[in-house]
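In: What follows is a predicted structure for the sequence shown.
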Amino acid sequence: MNSAHGDGSDGSERRASGRHLACFAANIEGEDSAPRMALIRDLSATGALLFTQSLLKTGEALILTLYVTGELEKPHATTARVVRSGRRRLDRANVWPYDAAVRFDEPLKGLDAEIEKLAALQASLWSEWPQGG
């Protein structure tokens, strides 16, 4: 199913826990695929929105390796299912032409402080970025 806006947002909040709007690196491994990179656009304890380079199937089981602690040697592995996916708008697709919303099989635990810290850092850097090119 395509997202309503084609950019990964549909204007509604479906998560049961707070989400962090920032970019987080991840590796994903699907049922029929080798591990590949993804970009997490927003993250909560119960799910995430991924930007990907290939279309994921709704219902597909994934193994995700999340790099949210700031230490590349200490990633967090979890499992999830794709609840929706689709093509992003062409003017926003760039390197990541697809998006996929996933629900974690078990809520993330013990990462709230790290996720909030990284999200805050990214927000502060973005606020200092020159607007308009």
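Out: Nice, I can see it. Numbers count the residues shown, from 1 in each chain.
In: For residue 27, give me its contacts.
Out: 35, 36, 37, 38, 64, 65, 75 (C-beta atoms under 8 Å, 6 or more residues apart in numbering). From N, CA and C alone the C-beta is placed, and that goes for glycine too.
In: Just give me the longest helix of this structure.
Out: In the chain, ranked by residue count with DSSP state H as the criterion, the top helix is helix 112-128.
In: related to what we said a few turns ago, I'd like the contacts of residue 27 laid out as CSV, including distance to residue 29.
Out: Shown next, in CSV, are those (distance: C-beta to C-beta, whole Å):
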residue, distance to residue 29
35, 4
36, 8
37, 11
38, 10
64, 8
65, 8
75, 13
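In: Could you identify the most distant pair in those residues?
Out: Greatest spatial distance among those (C-beta to C-beta): 36 and 75, at 14.7 Å.
In: So between those two, which is more surrounded?
Out: For residue 36 versus residue 75, neighbours defined as other C-beta atoms under 10 Å are more numerous around residue 75 (16 against 13).
In: Mind telling me which residue is nearest the centre of this structure?
Out: residue 40 (2.3 Å; C-alpha atoms, centre = their mean).
In: what are the phi and psi angles of that one?
Out: phi -90, psi 120 (degrees, to the nearest 10).
In: which residues does the residue nearest to it when sequence neighbours are not counted contact?
Out: Distance criterion C-beta to C-beta, 6 or more residues apart in numbering; nearest residue to residue 40, sequence neighbours excluded, is residue 24 at 4.0 Å. For residue 24, the contacting residues are 39, 40, 43, 66, 67, 68, 115, 118, by C-beta under 8 Å, 6+ apart.
In: Lovely, talk soon.
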